[in-house]
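K.L.:
What would the 3D arrangement of this be:
(3 chains, ligands or ions: 4)
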Amino acid sequence: DYKWNFPEPVTPIARDTLHIHNEFMLIITALFLVVFAIMIYSMVKHRKSLGHQPAKFTGPTGRIQWFWAFVPFAILLFIDFVLMGIPAVHAIIDMEDTKNKADMVLKVTGMQWKWQYEYPEAGVKFISTLSTPREQIENKAAKGEHYLLEVDNPVVLPVGKKVRVLLTSTDVIHTWWVPQFGVKRDAIPGFLRETWVKIEKPGIYRGQCAELCGKDHGYMPVEVHAVPEPEYLAWLDKKKSEQAAAAGGADRAWSKDELLAKGKEVYEKQCAVCHQPEGQGLPPAFPALKGSKIVNGPLLSPAGKIIADSHVDRVMNGKAGTAMQAFKNTLSDVELASVITFERNALGNSKGDMIQPAQIKSLR
Amino acid sequence: MSVATTTVPGHAGEHHGEHHPAGILRWLTTTNHKDIGTMYLTFALTMFFVGGAMILAVRAELWQPGLQLMKPEFFNQLIGIHALVMIFAALMPAATGFANWQIPLMIGAPDMALPRVNNWGFWLLPPAAILLTLPFTLALFGIGDGALATGWTFYAPLSVQGGLGVDFAIFAVHILGVSSILGSINIIVTIFNMRAPGMTMMKLPLFAWGWLITAFLLIATIPVLAGAVTMLLTDRHFGTHFFDAAGGGDPILFQHLFWFFGHPEVYILLLPVWGLMPHVLATFSRKPIYGYKAQVYGFIGIGVLSVIVWAHHFFTVGMPVPALIYFMFSTMAISLPLAVLFFCWIATMWKGAMSFETPMLFATGFIVLFGIAGLTGLVLADVAADAQYHHSYFVVAHFHYALFAGGIMGVMTGVYYWLPKWTGHMYDEKLGKWHFWLTVVSFNLTFIPQFFLGLAGMPRRIPDYALQFTEFNMISTVAAFILGLSQLLFAYNIWKCVKGGPKASDKVWEGAEGLEWQLPSPPPYHSWETQPVVK
Amino acid sequence: MTESMAAQPHSHHYHVPQPSLYPFILSGGMFTLALGFILKMNGFAPGPWVMLGGVGIILYVLFGWFGKVIGESQAGAYRDWEDKSFRYGMVWFIASEVAFFAAFFGALFYVRTISVPELGNMVSAHGTTLWPDFTGAWPSAGPKGAQFTPMGAWGIPALNTALLLSSGVTVTWAHWALLKNKRTQLNLGLAATVLLGATFLGFQAYEYYHAYHELGLTLGAGAYGATFYMLTGFHGFHVTLGAIMLTVILGRTLKGHFTPERHFAFEGVAWYWHFVDVVWLLLFVLVYWL
Ligand code: HEA
Ligand code: HEA
Ligand code: CUA
Ligand SMILES: [Cu+2]
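P.N.:
Numbers count the residues shown, from 1 in each chain, chains lettered A, B, ... in the order given. Ligands and ions are numbered 1, 2, ... in the order given. Sure thing, here's the model as predicted:
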């Protein structure tokens, strides 16, 4: 059923779009059939092998012929600008009406190759990445039902509320697309773009990044859980307290083992796509961390400051013009401290030193 | 158009003889429009197979979900290079090859107006093709990180981030651009300055008209593309911030510049084909062209409209509502001049005495399939629905109907139509018909499923996909391989025809009209040294 | 175009030049230059040498090819019909150059009226704006751009405007002289034009130096720096080419080439020079002044 047309619409916009699409398909099918019925009639009847004698005319002659020559264009003009144009204009105005009566804001930040979701009013923020295991992609394990369309942290939205979605990106252009919402909008680095959704039906809705954004463009899905409002609020509270707990962690001293364990987790989620699970990288685009000069360089300056182009600098501030992004924008103090410590003491490196979340906090 | 010649055509230029070096030097140094046309066409055919082989690898990867044959990085290179090769190294050179061979013959000119520049225009192509494919080929042998992996559209900032391959592609585009500009200047000058006495602009063959508008569009838009990739180059290496918000630039600026070229480019690709269609239809309907003037004005209208609609390629970036509405309506307006052309094509066939040799088969196939391209283009122009179609396989299907069924099949129409004139031999008609039917059937089987994939939500440019897309992708892949293999028949048929075959008469086709058919088949090395007079 | 253009049969055969290897070699030279440039930009040591090789090949061809055409022209191979081809060719070549500059003017228009204002006036909801401190006033190097002083219009740029405009007058003066076969005035006019062009370039070089060292206005100075240098830089490059071509023409007039009836090369270069002039006026108004 979904195979032959748009998937079931669950927002007003998606319903509109489906409507318009269906109407247009009918119109163009009709045009196609009419135009080519005439042509095929001619091809069948006016054949040399049937002894048809060619006519000699080169254009319309006389008023009546001119009239009949113009009729199709009048029809086409009407179809283009009235039959198709008017509903389209209404839909566009509706689609771009993001600010009126919005109940809440969701900020979506695209980054290579994951989405960050932020609820500015609630102060909740998290990253959502593909959860399909590597083995399935490499055909070493059977593929699950939602192959490539599943994430670790789905974004949760209340049904029946108008959600104003703000979009931006940290690196290249990504496009946030959920077919059942009828919404597709670019996330552009350095700019804010917006769209809106009002989900009418609880459920799990899946989509994908739609703008070529580099190597793992095909692996950056969107998964939205639409739930009734109370459930949404409960989820939001839970996220808030989780986040507070994580932030609290930044103030205490962490043991090296704790950092390594947490660091491994972060590494596998955030870094392994490019630098590879064993740290061997994919040179030249994605350098190896194993034996890397930067990773094995000094940690901080004697005064406890960031050294330019050092390991900490790279992880926190990224490298302009490459896929290496500024992770200080997306990772917490604990995550940064642990992943840096991990990289220095695993993946074939053994610097032996470590950095505390509290230090990262002061370096921000 | 009534044509009369006062001089005996043909071997009029005997005194010049066929003075040219032999062997490879003939081709390196030639100033003869026919030689240069032949080189363009040979180059185009070769690159068509190269671009096709690339995409067959892609289709093989897309046969089923999961990564089987290649890494995503490599996949991204393949699709972009496939597109650039097909557009810049196959379709455009094929059209220029036609222009070189046919325009002088059709307008009664002794040669192109600027013969040495003409040769230069061709010889820029192989270096450009090498620049384009070199990093890719090296990567196959494990050297470097390959060609540009941004798709053919070079979108910043992905292309700012990319590796060496982007620089190679930028310079390839520059050189291709120089070549196109030189070719265009030459064609414009030839048409303005070299027509046979008495051939007014309103007696100019439609093929030449189509090319004339193409040449204007190239001159107006290729330099803008050159500017865009130059800005990209300086953003990459010289610290400018054209496409970087931190410096006050904007990634969307790149899209404006690219599509200011990119949209007219689609008409650049098809205007020569639209120009040649009426000749073929009239020939095989044994009836004069219907609505000559209307078609000329149609071409002009398309040319003008084409440069004011570009933003329909990025409706989803978030534009002000008035801009969305303007670009939607202006885009839809192009359906009007195109409807004029369709109307004239069908009216040319109407009440004719048709026969269906291979060129006519391709011409009618072209009309029907390009109709699908145009009509789906019309719905893409609708901003609201485009939010669903954009960057999905629906668009991929739309533009292959335009580029393959419109462009490549249009070129095939021309090749079958003129090959006997060029070689003096008839091609194998039976093989030609096989080629046509295999192409049409497998083409539709390849791309109809892609419309449905797009509607169901499959994004383009992904090496791997969700399970619900599997069946359609399998059909598409199988059909694509049949489509690719069928093209070997085309190459073989041309080869056979060049080598020999039944002798073609001067007129070749019973219903053919125009100056070129008054020359012998094949025409002498220098034809129309004394110009015919057109009444 | 006109109906009568090709109405008369031509009295002679169109000159189709002999086969020539120059175009092929020129393509090879361009390939070499491009390859060298790519290598250089990406830090490969042989890059500059490969570039040099490319430039050498291109120069060789330019001398050879143009030399040959000049020879043919002096030998009378080109008459009205061919002359017309050259003229049309030059016109459409200049048209393509116009389009090239249009791309950069378009970029300037875009950053000034669309991207910079948008960055300074971004939608914001619950503190989600991206560049809180940026106001988006032109001239601008963007939210994260360096400090710089924009280039004023009334110093060197105004002087340069005067220089280029006078040079437009002097070529025209030379052209009149050529039409009346006044060779001294012709030579003087051309020499003056070259001199004015060279002075223009000297001032521009000084202006760049000043901008880099005193104003902090560099190629990296955001949207302003990028559009400023790319527009004025490509213009300066065209002035340089024009001045070189004028010098060649001057050399030829000194040798007695060109007649009042046949002097396409002179006119082609003069058109080119006027085109460069007009671009400068646009630059002066849109880049420096407004
Ligand atoms: C030769 C190539 C070619 C041609 C001719 C066209 C023709 C058209 N295209 Fe297409 N298009 C492409 C090649 C082409 N396109 C490519 C390559 C892309 C994707 C690029 C990329 O992203 O990589 C694209 C993408 C594309 C998009 C962007 C989609 C997206 O990315 O979201 C849009 C949107 O408006 C569009 C519209 C159109 C329109 C309106 C036409 C019109 O010109 C069509 C006009 C024709 C008709 C309307 C048919 C004629 C009329 C009839 C048969 C009816 C007659 C009726 C009567 C007489 C009553 N095209
Ligand atoms: C003129 C232009 C043109 C032509 C002719 C084609 C021809 C074909 N294209 Fe292409 N295509 C584009 C222009 C073109 N395409 C563009 C612009 C894109 C967008 C790229 C982007 O996203 O940036 C694209 C993208 C594109 C995609 C989408 C990729 C993606 O988004 O992930 C697909 C997928 O199926 C595809 C398929 C095909 C197929 C099956 C053909 C077939 O018609 C090919 C027929 C096959 C052959 C001709 C092969 C013959 C070869 C052999 C038999 C082997 C022998 C080999 C040798 C002798 C070397 N193309
Ligand atoms: Cu992110 Cu594609
Ligand atoms: Cu378009």
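K.L.:
can you count the residues close to the residue of chain A found nearest ligand 1?
P.N.:
Relative to ligand 1, the nearest point of chain A is A:Pro72 (3.6 Å; Cβ to the nearest ligand atom). For every residue, glycine as well, the C-beta is placed using N, CA and C. A:Pro72 is flanked by 16 other residues according to other Cβ atoms under 10 Å in any protein chain shown.
K.L.:
OK, contacts around it?
P.N.:
Residues near A:Pro72 by Cβ atoms under 8 Å, 6 or more residues apart in numbering or on different chains: B:Ala339, B:Phe343.
K.L.:
what's the burial count for B:Val498?
P.N.:
Neighbour tally, B:Val498, other Cβ under 10 Å: 16.
K.L.:
tell me which element it falls in.
P.N.:
Taking DSSP states H and E as the definition, B:Val498 sits inside helix B:470-499.
K.L.:
May I see the buried residues of that helix?
P.N.:
Neighbour counts over helix B:470-499 (16 or more other Cβ atoms under 10 Å in any protein chain shown) mark B:472-473, B:475-477, B:479-480, B:483-484, B:486-487, B:489-490, B:493-494, B:497-498 as buried.
K.L.:
what do you get for stretch B:498-507?
P.N.:
Here stretch B:498-507 shows B:Val498, B:Gly501, B:Ala504, B:Ser505, B:Asp506, B:Lys507 as buried, counting by 16+ other Cβ under 10 Å.
K.L.:
Just give me the least confident of those residues.
P.N.:
Among the buried residues of stretch B:498-507, B:Gly501 has the lowest pLDDT, at 88.
K.L.:
Spatially nearest residue to the residue of the stretch 251-400 of chain B found nearest chain C, not counting backbone neighbours?
P.N.:
Nearest residue of the stretch 251-400 of chain B to chain C (Cβ to the nearest Cβ) works out as B:Leu253 at 5.0 Å. Residue nearest to B:Leu253 in three dimensions, not counting chain neighbours: C:Tyr110, with 5.0 Å by Cβ to Cβ, 6 or more residues apart in numbering or on different chains.
K.L.:
What residues does the one you found make contact with?
P.N.:
Counting by Cβ under 8 Å, 6+ apart, C:Tyr110 touches B:Asp250, B:Leu253, B:His256.
K.L.:
what does the stretch 151-300 of chain A have sitting close to ligand 3?
P.N.:
Applying Cβ under 6 Å from any ligand atom, we find that the stretch 151-300 of chain A lies next to ligand 3 at A:His174, A:Cys209, A:Glu211, A:Leu212, A:Cys213, A:His217, A:Met220.
K.L.:
As a check, name the ranges of all helices in the stretch 151-290 of chain C.
P.N.:
Assigned by DSSP state H, counting those that start in this stretch, the helices in the stretch 151-290 of chain C fall at C:156-179, C:183-210, C:222-254, C:264-283.
K.L.:
Between these, which one is closest to A:Glu278.
P.N.:
helix C:222-254 (41.2 Å; Cβ to Cβ).
K.L.:
dump the residue contacts of B:Leu125.
P.N.:
Taking Cβ under 8 Å, 6+ apart, we find B:Leu125 in contact with B:Tyr40, B:Phe43, B:Ala89, B:Pro93, B:Leu176, B:Ser179.
K.L.:
tell me, how many neighbours does residue 37 end up with?
P.N.:
Unless you meant another one, I'm taking chain A. The tally of other residues near A:Ala37 (other Cβ under 10 Å) stands at 10.
K.L.:
let's do chain C instead
P.N.:
20.
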